[in-house]
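Colleague: below are the sequence and a predicted model; questions follow.
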Amino acid sequence: MKISQRARNVAPFYAMEFGKQAAALEAEGHHVVKLSIGEPDFGAPPAVREAMREAMDGRPLPYTQALGLPALREAIAGFYRERHHVEVDPSRVVVTAGASAALVLATAALVDAGDEVLIGDPSYPCNRQIVESFGAHVTLVPTAAETRFQLDAASVRKHWTDRTSGVMVATPSNPTGTSAPIEELDAICRFARERDAWRIVDEIYLDLSDHDEHGRPPRSALSVDPDAIVINSFSKYFGMTGWRLGWCIAPKELVPALERLAQNYFLCASAPAQQAALECFTPASLAVCEERRAEFGERRALVLDGLRRIGLPVPVPPDGAFYVYFDVGGTGLTSWEFCERALQEAHVALTPGRDFGTHTADTHVRLSYAASADELREGIERLGRFVATLR
């Protein structure tokens, strides 16, 4: 059987690979502290779970429209109006089978073979894998602590070429949990827009970001670039990872192309998941999610204090998501070696920098603090004992 070149070129998602190794150790009877996967331990808000049980009572569940349930599209638009103070026409909202499907649709609609796309390094690996699968060339732009491991306008200008068709930004970022300043995001989008290039902004973790000193939530990219393609998800803020439900907001002229692609690729997102997700936007469910956001802030403080105590520096403290990107350069191990040995010797699962690009591949490790506080304390203690053996 001939395997396509596309499939052969796709690198493994190492976070999942380390998850498989952790599962094998657990099958042998070991307690593994799993800090490698970005999966909140809370689950969906109670009202959402109840709505799913009701939807699954045996009633027919036909396909929805390819763009999603009209009521859900309206609810998402209302969320942006109430939470982020931007007006979004519901006709611009496309409900998808997870944020990954939103990225697939947007990329399929925008990218031709031979195009060049700028993405920051480090960044979420699946974003660049999807772009490359459509024949584009991804230029990974090195970022540093000085720019919060985020693209800035200066680096975009430096790496822009005549072949560049678009730029992809994730804020807050996976793996660093850091956000791009809204002024810098504005400058990047304006630079690309002036060159008739598209802008995809991954805001999957936006609503898990810190609020400002006045208690205001972070601003969406749509507040500075109404024609950006914004990707978001029910997985992180709403805790619905396995439900596979996300959305994108696109310019009106792009929506018909997204609809045709969705009809052919996916037909529609899960009908019962869409019905249940309507309960995400009630005051009660949003209050639950805000309580959980505060809990993530407490977990972050616990992890940052613990890593400092055991001598693993964090170059840029995160301000969103639930990740910490720490430096293992002083241990004498590469990040891959550190993660392999931490898993085998300390039974703590982490993710090496190799997953997220090349610039910090050997020096940095991602820790997910989506696990419970008790698991985080145990994981830090185990890592502390492990690091002590390296000195």
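Modeller: Yep, it's here.

Colleague: surely Cys74 is in contact with Pro90?
Modeller: Careful, residue 74 is Glu and not Cys. Yes. In this structure, Glu74 is within contact of Pro90 by Cβ atoms under 8 Å, at 4.5 Å. C-beta here means a position set from N, CA and C on the backbone, and glycine is covered the same way.

Colleague: output the helix or strand encompassing Leu103 as PDB - backbone C-alpha positions only.
Modeller: Assigned by DSSP states H and E, Leu103 belongs to helix 99-110. Extracted in PDB, the C-alpha atoms of helix 99-110 (Å, rounded to 0.1, in the frame of the first residue of the first chain):
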ATOM      1  CA  ALA A  99     -11.200  24.100  16.700                       C
ATOM      2  CA  SER A 100      -9.000  21.800  14.700                       C
ATOM      3  CA  ALA A 101     -11.800  21.400  12.100                       C
ATOM      4  CA  ALA A 102     -12.200  25.200  12.100                       C
ATOM      5  CA  LEU A 103      -8.500  25.500  11.300                       C
ATOM      6  CA  VAL A 104      -8.800  22.800   8.600                       C
ATOM      7  CA  LEU A 105     -11.700  24.700   6.900                       C
ATOM      8  CA  ALA A 106     -10.000  28.100   7.100                       C
ATOM      9  CA  THR A 107      -6.700  26.700   5.800                       C
ATOM     10  CA  ALA A 108      -8.500  24.900   3.000                       C
ATOM     11  CA  ALA A 109     -10.300  28.100   2.000                       C
ATOM     12  CA  LEU A 110      -7.200  30.300   2.100                       C
END
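
Colleague: pLDDT (mean, whole number) over that helix?
Modeller: The pLDDT scores in helix 99-110 average 96.

Colleague: what's that helix in contact with?
Modeller: Residues from elsewhere that reach helix 99-110, judged by Cβ atoms under 8 Å, 6 or more residues apart in numbering: 94, 96, 126-127, 130-131, 134, 136, 165-166, 198, 200, 202, 204, 229, 231-233, 235, 244, 246-248, 250, 254, 257-258, 261-262, 265-266, 269.

Colleague: same deal with stretch 278-287?
Modeller: Contacts for stretch 278-287 (Cβ under 8 Å, 6+ apart): 44-48, 50-51, 69, 71-72, 75-76, 78-79, 234, 238, 240, 289.

Colleague: what's the strand or helix carrying Val131 packed up against?
Modeller: Following DSSP H and E, one finds Val131 within helix 125-133. Under the contact criterion of 3 or more Cβ pairs under 8 Å, 6 or more residues apart in numbering; DSSP states H and E, helix 125-133 touches helix 5-9, helix 99-110, strand 116-121, strand 137-142, strand 164-170.

Colleague: tell me how far the helix holding Leu103 is from the chain's mean position?
Modeller: Relative to its chain's centre, helix 99-110 lies at 14 Å (Cα atoms, centre = their mean, to the nearest Å).

Colleague: next: stretch 109-116.
Modeller: For stretch 109-116, the separation from the chain centroid amounts to 22 Å (computed by Cα atoms, centre = their mean).

Colleague: what does stretch 151-168 give?
Modeller: 21 Å.

Colleague: could you work out the end-to-end span of that stretch for me?
Modeller: Length of stretch 151-168, first residue to last, Cα to Cα, to the nearest Å: 9 Å.

Colleague: same question for stretch 198-211.
Modeller: End-to-end distance for stretch 198-211, by Cα to Cα: 28 Å.

Colleague: show me which residues of stretch 158-170 are buried.
Modeller: Buried positions in stretch 158-170, judged by neighbour count with 16 or more other Cβ atoms under 10 Å: His159, Trp160, Thr164, Ser165, Gly166, Val167, Met168, Val169, Ala170.

Colleague: just stretch 297-312 next, same as before
Modeller: Going by 16+ other Cβ under 10 Å, stretch 297-312 has these buried residues: Gly297, Arg299, Arg300, Val303, Leu304, Gly306, Leu307, Ile310, Leu312.

Colleague: same check on stretch 177-187?
Modeller: Buried residues in stretch 177-187, defined by neighbour count with 16+ other Cβ under 10 Å: Gly177, Thr178, Ser179, Ala180, Glu184, Leu185, Asp186, Ala187.

Colleague: contacting residues for the second one?
Modeller: The neighbourhood of Thr178, defined by Cβ under 8 Å, 6+ apart, consists of Arg148, Phe149, Gln150, Pro172, Val316, Pro318, Asp319, Gly320, Tyr325.

Colleague: same thing with the first one?
Modeller: Contact partners of Gly177, counting by Cβ under 8 Å, 6+ apart, are Tyr205, Arg300, Pro318, Asp319, Gly320, Ala321, Phe322, Tyr323, Val324, Tyr325.

Colleague: kindly reformat those as TSV and extend each row with pLDDT.
Modeller: Shown next, in TSV, are the contacts of Gly177 (pLDDT from 0 to 100):
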residue	pLDDT
Tyr205	97
Arg300	97
Pro318	97
Asp319	96
Gly320	93
Ala321	94
Phe322	96
Tyr323	97
Val324	97
Tyr325	97
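
Colleague: so which of these belong to helices?
Modeller: When DSSP state H is applied, those are split such that Arg300 fall in helices.

Colleague: could you give the backbone dihedrals for Val94?
Modeller: When read as degrees, to the nearest 10, the backbone of Val94 gives phi -120, psi 120.

Colleague: gap between it and Arg193?
Modeller: For Val94, the distance to Arg193 equals 21 Å [Cβ to Cβ, to the nearest Å].

Colleague: and Thr331, how close does it get to Ala361?
Modeller: 15 Å.

Colleague: can you check Glu345 too?
Modeller: Per Cβ to Cβ, Glu345 is found 22 Å from Ala361.

Colleague: do the same with Glu17
Modeller: Separation of Glu17 from Ala361 (Cβ to Cβ): 15 Å.

Colleague: try Asp319
Modeller: Applying Cβ to Cβ, the value for Asp319 to Ala361 is 24 Å.

Colleague: now swap in Arg309 and tell me
Modeller: On the measure of Cβ to Cβ, Arg309 and Ala361 end up 26 Å apart.

Colleague: one more: Asp305?
Modeller: Using Cβ to Cβ, Asp305 is found at 27 Å from Ala361.
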